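> After the sequence you'll find the predicted model.
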Amino acid sequence: MKTWKKRGLIGAGIAVVLIIAALSLSKAIDVEEVKVIRGDVAAAVVEKGKVTSEESADIYGEVQGKVKAVYVEEGDTVAKGDRLAEIDAADLEAQIARMEGELKSIEGMERAAQGDASQVRQQESALQQAELSLELAGTAYQRAQQLYAEGAVTRAELERSQNEMESASEAVEQARAALNAARKLGEGSRLQYQGQKESLQAQLNRLREQKEKAVVTAPADGAVFAAGIEQGDFVSPGTLMFTVGKAGKIKIETYVSTKDIRNLKTGDSVRVLFKMPGKDTEIAGRITRINPAAEERVSSLGITEDKIKVIAELGEKPGELLITPGMSVDVTFTTQEERGVLAVPREAVFTDNGKDYVWVIKDGKAVLGEITTGTEGDELIEVIKGLQEGQQVILNPHQEGLAEGVKVK
């Protein structure tokens, strides 16, 4: 009797499980279904770009220093030669004054040089003084390096100390040369002084040219499209300061990765998005030039990549859209396009163990279907194998309750 009761309980338990399973299978779940269609699938890549003009020019810094003044703003009209900005040239002026003094000293020594013992002693004393000054300047520079590493002095102060040490070193060389000249007589002495003067004069000319370049001027008549500096900024040779010119023929300049460039060619269509306050505007365009060589570019995340410059021209522009060089844009390139292929929405496809699947609706039930995919677009994905046009698939493959054989509606 006990055995019978035990078996009866087990049988009842199995029956309950079967009933629950049958109920779960018989209960249909609501799903959103879509048809497998035949259409066009396009893969695209979006890159940052910049509006440029054939009649505009970028102006880069040619000297190093702090921006003393900025005289223009974006949108200002300028004439050729107008001042745009000025870089502090106090260090250059000090070096020029020092060089001019040394040149006068050499000229005076040339006239007075007799090569006698008193002249030699004077030059020996001058050399000793110059060497002492160099020693003091070297010690000061070493101290400035230490303080700069500790953050106690600015870069400008460090560079000023370095310039003073270099000037002291030059003074030693000049004093040594002057002493040697004082020990000579005749034509040799004259030629020696002449060489020193020419050397000093060449250095003076270079410093004066640098001082002139500290005043940044407009290279031509036009407008200021972009101003990349402000008063107080520290600039170096190569710093982009302004973009100046005439609107001219507008073009778009951007950079595409070497991986994507192989799918692009001159004449291909692009979409250029202008993000304006309150309204974004997209304009069609086409590629007019692809540079043959790659360049190193640093992304906004600080990653260095090899990219190739691409130039595009815009098509018809809306009359109310004001486009000026220097504006930033998003450029969309179509890197792959398949026409008239089977396709399903991207969200209907899921991956498991390296294979792609969809849930196919067959006879009112969910059936797992393995597929082979091709080109992936923004919305659709190409299906090469595994589905037929018109079949129904479930849009959300991760919906709760979905399983092989589950009824759906």
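Right, received. Where do you want to start? Remember, predicted model here, so these are calculated numbers, not experimental data.

> where in the chain is pLDDT low?
Within the chain, the ranges that satisfy pLDDT under 70 run 1-26, 110-118, 182-192, 247-248.

> Output the contacting helices and strands for the longest helix seen in it.
Longest helix in the chain by number of residues (criterion: DSSP state H): helix 117-149. Secondary-structure packing of helix 117-149 (3 or more Cβ pairs under 8 Å, 6 or more residues apart in numbering; DSSP states H and E): helix 155-182. Any C-beta I mention is one placed from the backbone N, CA and C, and that applies to glycine too.

> go with 10 Å
helix 90-112, helix 155-182 (3 or more Cβ pairs under 10 Å, 6 or more residues apart in numbering; DSSP states H and E).

> Packing partners of the longest one?
Spelled out, it's helix 155-182. When contacts are defined as 3+ Cβ pairs under 10 Å, 6+ apart, helix 155-182 packs onto strand 65-70, helix 90-112, helix 117-149, helix 186-213.

> repeat for the first one
Applying 3+ Cβ pairs under 10 Å, 6+ apart, we find helix 90-112 packed against strand 65-70, helix 117-149, helix 155-182, helix 186-213.

> I87 is nearest to which of those?
Closest approach to I87 among the helices and strands packed on helix 90-112 is made by strand 65-70 (4.4 Å; Cβ to Cβ).

> now the helices and strands packed on helix 90-112 as CSV including mean neighbour count?
Output for the helices and strands packed on helix 90-112, formatted as CSV (neighbours: other Cβ atoms under 10 Å):
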stretch, mean neighbour count
strand 65-70, 17
helix 117-149, 15
helix 155-182, 18
helix 186-213, 15
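
> hmm, back to that, now the helices and strands packed on helix 155-182 in a markdown table, please, with extra columns for distance to T77.
Listed next are these as a markdown table, based on distance: least, Cβ to Cβ, whole Å:
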| stretch | distance to T77 |
| --- | --- |
| strand 65-70 | 16 |
| helix 90-112 | 30 |
| helix 117-149 | 42 |
| helix 186-213 | 24 |
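
> among the ones you listed, which is nearest V358?
Nearest of those to V358, taken as Cβ to Cβ: strand 65-70 at 60.2 Å.

> how far out from the middle of the chain is the closest one?
Offset of strand 65-70 from its chain centre (Cα atoms, centre = their mean, to the nearest Å): 24 Å.

> just the angle between it and helix 90-112, please?
Interaxial angle, strand 65-70 versus helix 90-112 (axes from the mean of the first three to the mean of the last three Cα atoms, to 10 degrees): 110 degrees.

> Put the alpha carbons of strand 65-70 into PDB.
Listed next in PDB are the C-alpha coordinates belonging to strand 65-70 (Å, rounded to 0.1, in the frame of the first residue of the first chain):
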ATOM      1  CA  GLY A  65      55.900  84.300 -26.600                       C
ATOM      2  CA  LYS A  66      52.800  85.500 -24.800                       C
ATOM      3  CA  VAL A  67      50.000  87.200 -26.800                       C
ATOM      4  CA  LYS A  68      50.200  90.900 -25.900                       C
ATOM      5  CA  ALA A  69      47.100  92.000 -27.700                       C
ATOM      6  CA  VAL A  70      44.500  90.800 -30.200                       C
END
